[in-house]
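Novice: Can you look at this prediction? I've put the sequence above it.
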Amino acid sequence: MAVDQHTVTSLTSPWQVAEIVASAGVADYALPAVPAVDSDGDPMIQVNYLSTVQLRGVDFTLAGATLTWISAVPLADGEIIEAWYVPA
């Protein structure tokens, strides 16, 4: 598993992006940091795969800094999972 982390260039935005190279048959991926939570207690994360926003609890779960792929759409080798998040 390879993670290429980039920091968003906006001086007013705390959001960062981790570009995770998917591997077929691999479900667990480590983010560079644990995402912060919003005022409702939801993690501040948006996950994109194949240019589509993925839903937490449907396509992926999050436990600390571990993103687990649970989608019915299988991951393909070399595809990018893009995880935008605010580090805690």
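Specialist: That came through, no problem. Note that this is a predicted model, so its numbers are computed, not measured.
Novice: hey, let's count contacts and neighbours off CA atoms from now on
Specialist: Fine.
Novice: Quickly list what Asp28 is bridged to.
Specialist: Assessed by DSSP bridges, Asp28 has beta-bridge partners Thr68.
Novice: Look at it and say how many residues are nearby.
Specialist: Neighbour count for Asp28, taken as other CA atoms under 10 Å: 17.
Novice: Read off the pLDDT value for it.
Specialist: At Asp28, the pLDDT value in this model is 97.
Novice: Next: Thr12.
Specialist: pLDDT, Thr12: 75.
Novice: Could you give the number of residues near it?
Specialist: 7.
Novice: any idea which helix or strand carries it?
Specialist: Counting by DSSP states H and E, no helix or strand carries Thr12.
Novice: what does Pro32 give?
Specialist: Using DSSP H and E, Pro32 falls outside every helix and strand.
Novice: Would you check how far apart it and Ala65 are?
Specialist: From Pro32 across to Ala65, the span is 7 Å (CA to CA, to the nearest Å).
Novice: Give the intersection of the neighbour lists for those two.
Specialist: Counting by CA atoms under 8 Å, 6 or more residues apart in numbering, Pro32 and Ala65 have no common neighbour.
Novice: what about the strands in the chain?
Specialist: 2-7, 16-21, 28-30, 45-49, 52-54, 60-63, 66-69, 80-85 (DSSP state E).
Novice: can you put those in JSON lines and add distance to Ser39?
Specialist: JSON lines is the format used below for these (distance: least, CA to CA, whole Å):
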{"stretch": "strand 2-7", "distance to Ser39": "23"}
{"stretch": "strand 16-21", "distance to Ser39": "19"}
{"stretch": "strand 28-30", "distance to Ser39": "24"}
{"stretch": "strand 45-49", "distance to Ser39": "14"}
{"stretch": "strand 52-54", "distance to Ser39": "21"}
{"stretch": "strand 60-63", "distance to Ser39": "17"}
{"stretch": "strand 66-69", "distance to Ser39": "21"}
{"stretch": "strand 80-85", "distance to Ser39": "15"}
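Novice: To Asp38, which of these lies closest?
Specialist: strand 45-49 (9.9 Å; CA to CA).
Novice: Right, I'll leave it there.
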